[in-house]
Every structure is written in C-alpha cells, then in structure tokens.
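*Asks:* only geometry, no sequence info:
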C-alpha cells in the first residue's frame with residue numbers, strides 16, 4: 001500500500017512537472033514574439049530565462065529575465081488564480097502606468113491582456129532597502145508619502161474586511177481547514193472593529209509595499225508589483241509593511257511617527273494598531289487560501305499563515321485586556 005501511494009505521487013509529480021514545463025515553454029515563446037514584434041527583431045535573437053519562484057514571489061506569477069543582445073528586460077506572466085487571490089496583472093499594468101506618471105513606478109514597455117504578459121526594462125538595484133538603517137528607512141518612508149500624496153486615482157477601492165471575507169469564503173469552498181481559534185476568536189474579535197473609525201480617508205496605496213517590492217536605483221526609488229494597488233486609507237499601507245516585517249509594537253510606533261513626521265495622537269495609535277491586526281489577518285487568510293491553490297508550496301504557505309495568526313492573537317488579546 002505504501003509503495004502504491006509513493007508510486008502515485010511520483011507519477012503525479014512527473015505529470016505536474018511536464019505540464020509546468022509545457023506551459024513555461026508556451027509563455028517563453030509568447031514573450032519572444034511580443035518583444036520581437038515590438039523591437040522589430042527576430043525571435044531567435046531573444047533569450048528568455050525563468051526566475052525561480054521564491055518566497056518573495058508570493059503571487060506565484062511566472063517571472064523571466066529576457067536578453068536581447070546587451071539589453072535586458074523583465075517579463076511577468078500573471079497568475080491564473082488572480083481573481084481568487086485579489087491580485088491582477090491587469091491591475092498591475094494599469095496602476096503602474098498611473099504611478100509611473102508620478103515617477104513612483106518604472107514605466108511599462110509592453111502589456112498583452114489576453115496572454116497576461118507584462119514586460120519592462122530590467123532595472124538594476126543600487127542597494128536593498130533596510131528598514132533598520134535610518135538612511136534607507138527615510139528613503140522608503142518618503143517613497144510611501146509621495147505615493148499617498150500624489151493625487152493618483154486608481155480604479156479600485158480596497159476594504160480589508162471584504163478581502164478577508166473573500167479569502168475565507170474562497171478557502172472554505174476549497175475545503176481548507178482553518179484553525180478553530182481563527183474562526184472562534186479572531187473573527188469575533190475583528191467584528192468589534194469600527195470600519196468608520198479606523199479608515200478615515202482614501203489615497204492611492206500599493207497594498208503590498210514590502211521592501212522586496214522597492215527598487216532603489218541610480219535614477220530614483222520606485223515601487224514594483226502593483227497587483228493589489230487600490231484606493232484606501234494610507235496608514236493601511238504602513239500597517240502592511242509592519243505585518244510583513246513582523247514589527248513589534250515599539251517598531252510599529254517608530255514607523256508611524258516617522259511617517260507622520262510628528263508625535264502621534266492616541267487616536268492615531270489606536271486605529272493604526274487595529275489596522276495592523278487587519279493587515280496580518282489579510283495576509284494570514286491569503287496564505288491559507290494559497291495552501292489549496294498552490295499545493296506544491298502548501299506547507300510553506302501554512303507556515304506563513306500560522307506566523308501571521310500568532311501576531312493577530314497577541315494583539316487582539318492586548319486590545320481585549322485594555323478595554
């Protein structure tokens with residue numbers, strides 16, 4: 001029985017690998033022909049290399065480096081589960097184009113909506129953003145402020161309560177087994193949050209502003225990967241980066257003060273604290289959904305989800321003790 005189970009898994013892995021290889025070949029051919037038509041060159045002069053899916057590529061897009069002579073480009077093929085994940089390469093293309101006009105994002109070279117392929121020039125980083133370093137932290141905060149104050153108008157509006165409900169409903173529909181503490185303690189806990197008291201204004205937001213999505217270059221500093229971008233309260237962007245970076249309460253407060261540029265009011269701190277809980281829960285439920293959509297990375301996403309869940313419980317219990 002054990003041998004038969006092992007053999008079935010091997011055959012399934014071979015089948016999935018073959019399918020993935022065939023799909024990748026189709027995508028690479030599409031990239032070559034799109035770029036060849038744009039550059040008026042022969043597709044045989046274009047070389048495409050897929051970047052390995054890593055932890056930072058949490059949307060499971062297929063990413064590629066493309067070389068044409070001495071010139072290099074970056075290509076992305078959007079996730080086929082984008083609608084379920086509330087991520088969209090179409091939204092990336094549109095919001096990045098809008099943001100590029102404000103010099104907050106690198107310009108797009110090509111976008112094919114049917115094939116969900118987006119191509120840009122490959123820009124080399126000057127340095128990584130390190131939020132523990134005062135110089136690069138200030139650069140990051142300034143970039144976030146520039147986005148929020150830009151006046152750009154993105155087509156979608158984001159509400160974390162709706163996103164969390166969508167992820168939970170979608171995951172339950174795919175038979176994801178949520179921990180009972182999430183359903184019995186966390187959801188009743190956030191039901192006490194007042195949306196009207198937490199989200200006071202609306203501005204263009206990136207909504208996945210982790211440091212890996214920042215390019216610090218010779219020409220300037222930019223956000224990339226705009227799949228989630230929408231209009232919402234700008235402090236939620238700040239809460240999202242605090243969630244991804246697993247910041248402590250003290251580090252969160254330091255980020256809030258750095259962003260606001262002054263001492264924070266008690267109301268600012270309270271609503272920002274609630275936003276952090278919602279940001280963690282958004283990523284947590286997203287990761288649980290991914291365990292069903294990306295079974296090859298299921299354990300990885302489950303580990304991420306459990307990490308976010310631990311952060312949520314810690315802060316919800318602090319809120320309960322204070323009230």
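*Replies:* Looks like it arrived, so ask away. The structure displayed is predicted, hence computed values, not measured ones.
*Asks:* center of this protein - which residue?
*Replies:* In the chain, the centroid-proximal residue (CA atoms, centre = their mean) is residue 208; its distance is 4.1 Å.
*Asks:* ok, and the closest non-adjacent residue to it?
*Replies:* Nearest residue to residue 208, sequence neighbours excluded (CB to CB, 6 or more residues apart in numbering): residue 228, at 4.9 Å. C-beta: built from backbone N, CA, C; applies to glycine.
*Asks:* Pull up the per-residue confidence for the nearest residue to residue 232 once chain neighbours are set aside.
*Replies:* Leaving out its chain neighbours, the residue that sits closest to residue 232 by CB to CB, 6+ apart is residue 158, at 4.2 Å. Listed pLDDT for residue 158 reads 98.
*Asks:* hang on, the earlier thing: thought the residue nearest to the centre of the chain was touching residue 225?
*Replies:* Yes: here residue 208 lies in contact with residue 225, judged by CB atoms under 8 Å, at a distance of 6.4 Å.
*Asks:* how far away is the residue nearest to residue 232 from residue 209?
*Replies:* According to CB to CB, to the nearest Å, residue 158 and residue 209 sit 13 Å apart.
*Asks:* State the distance from residue 66 to residue 219.
*Replies:* Shown here: residue 66 relative to residue 219, a distance of 20 Å by CB to CB.
*Asks:* Tell me which of those two has more neighbours.
*Replies:* Neighbours were counted for residue 66 and for residue 219 using other CB atoms under 10 Å; residue 66 has more, 21 against 10.
*Asks:* tell me which element residue 276 falls in.
*Replies:* In this structure, residue 276 sits in helix 266-293 according to DSSP states H and E.
*Asks:* Pull out the buried positions in that helix.
*Replies:* Within helix 266-293, the residues that count as buried by 16 or more other CB atoms under 10 Å are 268, 271-293.
*Asks:* mind checking the backbone torsions on residue 217?
*Replies:* Dihedral angles of residue 217 (phi, psi; degrees, to the nearest 10) stand at phi -120, psi 180.
*Asks:* What pLDDT is listed against it?
*Replies:* The model reports residue 217 with a pLDDT of 88.
*Asks:* what angle separates the following helix or strand past the helix holding residue 276 from helix 266-293?
*Replies:* Next in sequence after helix 266-293, counting helices and strands by DSSP H and E, comes helix 298-322. Put simply, helix 298-322 runs at 150 degrees to helix 266-293, going by axes from the mean of the first three to the mean of the last three CA atoms, to 10 degrees.
*Asks:* Buried residues of helix 298-322, list them for me.
*Replies:* Across helix 298-322, burial judged by 16+ other CB under 10 Å covers 301, 304, 305, 308, 309, 311, 312, 313, 315, 316, 319.
*Asks:* Give me the domain ranges for the chain.
*Replies:* Following automatic domain parsing, one finds the domains of the chain at 2-80+106-121, 134-322.
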